[in-house]
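[1] take a look and give me a structure for this.
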Amino acid sequence: MKEVILALIAGLIVGMLFRFLKLPLPAPPVFSAVIGVFGVYFGGVVLDWIMKLVHH
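    Numbers count the residues shown, from 1 in each chain. Predicted coordinates:
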């Protein structure tokens, strides 16, 4: 949980810095892109889970 909070704080700081410098945000502005990133991560987690089931 600590990593999630630190990642959120780092993201907020970077977002504020980019906005302050009037630069485009270094992240996709579309919610579907965020869901896509989650899908990639979740896919890796599911594959690890499946591999553990198959090898035991």
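[2] so residue 23: helix, strand or coil?
    coil (DSSP: H, G, I helix; E, B strand; the rest coil).
[3] got the phi/psi numbers for residue 21?
    Backbone torsions for residue 21, taken as degrees, to the nearest 10, come to phi -80, psi 0.
[4] repeat that for residue 28.
    phi -70, psi 140.
[5] what helix or strand is the residue nearest to it when sequence neighbours are not counted on?
    Leaving aside its sequence neighbours, residue 28 sits nearest to residue 34 (CB to CB, 6 or more residues apart in numbering; 7.1 Å). No exception for glycine: its C-beta is placed from N, CA and C like everyone else's. Under the criterion DSSP states H and E, the helix or strand holding residue 34 is helix 31-55.
[6] how about residue 16?
    Counting by DSSP H and E, residue 16 is found in helix 2-20.
[7] how far away from the center of its chain is that helix?
    12 Å (CA atoms, centre = their mean, to the nearest Å).
[8] go on, stretch 7-24?
    Taking mean C-alpha positions (CA atoms, centre = their mean), stretch 7-24 and its chain are 15 Å apart.
[9] restricting to C-alpha, output it in CSV.
    Provided in CSV are the C-alpha atoms of stretch 7-24 (Å, rounded to 0.1, in the frame of the first residue of the first chain):
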residue,chain,number,x,y,z
ALA,A,7,3.2,6.5,-6.7
LEU,A,8,0.1,8.7,-6.4
ILE,A,9,2.1,11.4,-4.6
ALA,A,10,4.8,11.3,-7.3
GLY,A,11,2.2,11.4,-10.0
LEU,A,12,0.5,14.4,-8.4
ILE,A,13,3.8,16.3,-8.2
VAL,A,14,4.8,15.5,-11.8
GLY,A,15,1.3,16.5,-13.0
MET,A,16,1.5,19.8,-11.1
LEU,A,17,5.0,20.5,-12.3
PHE,A,18,4.0,19.9,-16.0
ARG,A,19,0.9,22.1,-15.6
PHE,A,20,2.9,24.8,-13.9
LEU,A,21,5.5,24.8,-16.8
LYS,A,22,2.6,24.8,-19.3
LEU,A,23,3.7,21.5,-20.8
PRO,A,24,1.4,18.8,-22.0
